[in-house]
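> Structural data only, the sequence is not supplied:
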């Protein structure tokens with residue numbers, strides 16, 4: 001495996017961790033927020049933070065796609 005392929009694979013694993021971590025933390029924040037009776041503004045903040053995590057993951061996926069395109073050609 002070439003060095004570029006290893007970097008792409010490493011970035012792919014990191015992206016998978018970002019997606020999984022964001023999903024788990026979002027689910028926990030939603031559950032705990034409901035149990036603690038947090039107001040909707042605070043719970044919406046957790047939703048926005050999760051959205052930011054997923055947008056970041058989308059940007060990482062785009063970067064991986066671009067790196068693979070440049071490796072092929």
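Noted; the coordinates are in hand. The model shown is predicted, which means the values in this text are computed figures rather than measured ones. Numbering: from 1, shown residues only.
> what's the following helix or strand after the helix or strand hosting residue 6?
Following DSSP states H and E, one finds residue 6 within helix 3-36. Downstream of helix 3-36, the next assigned helix or strand under DSSP H and E is helix 40-72.
> Would you mark the buried spots in that next one?
Within helix 40-72, the residues scored as buried using 16 or more other CB atoms under 10 Å are 43, 46, 50, 53, 57, 60-61, 64, 67. Any C-beta I mention is one placed from the backbone N, CA and C, and that applies to glycine too.
> Let me have those residues in TSV, extended by pLDDT and distance to residue 34.
Formatted as TSV, the buried residues of helix 40-72 follow (pLDDT from 0 to 100; distance: CB to CB, whole Å):
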residue	pLDDT	distance to residue 34
43	95	8
46	96	11
50	98	15
53	98	20
57	98	25
60	98	30
61	98	30
64	96	35
67	93	40
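> if we take these, which one ends up nearest to residue 3?
residue 67 (11.9 Å; CB to CB).
> what is the mean pLDDT for the helix holding residue 6?
Here helix 3-36 scores 95 as its mean pLDDT.
> tell me what that helix is packed against?
If you count contacts as 3 or more CB pairs under 8 Å, 6 or more residues apart in numbering; DSSP states H and E, helix 3-36 packs onto helix 40-72.
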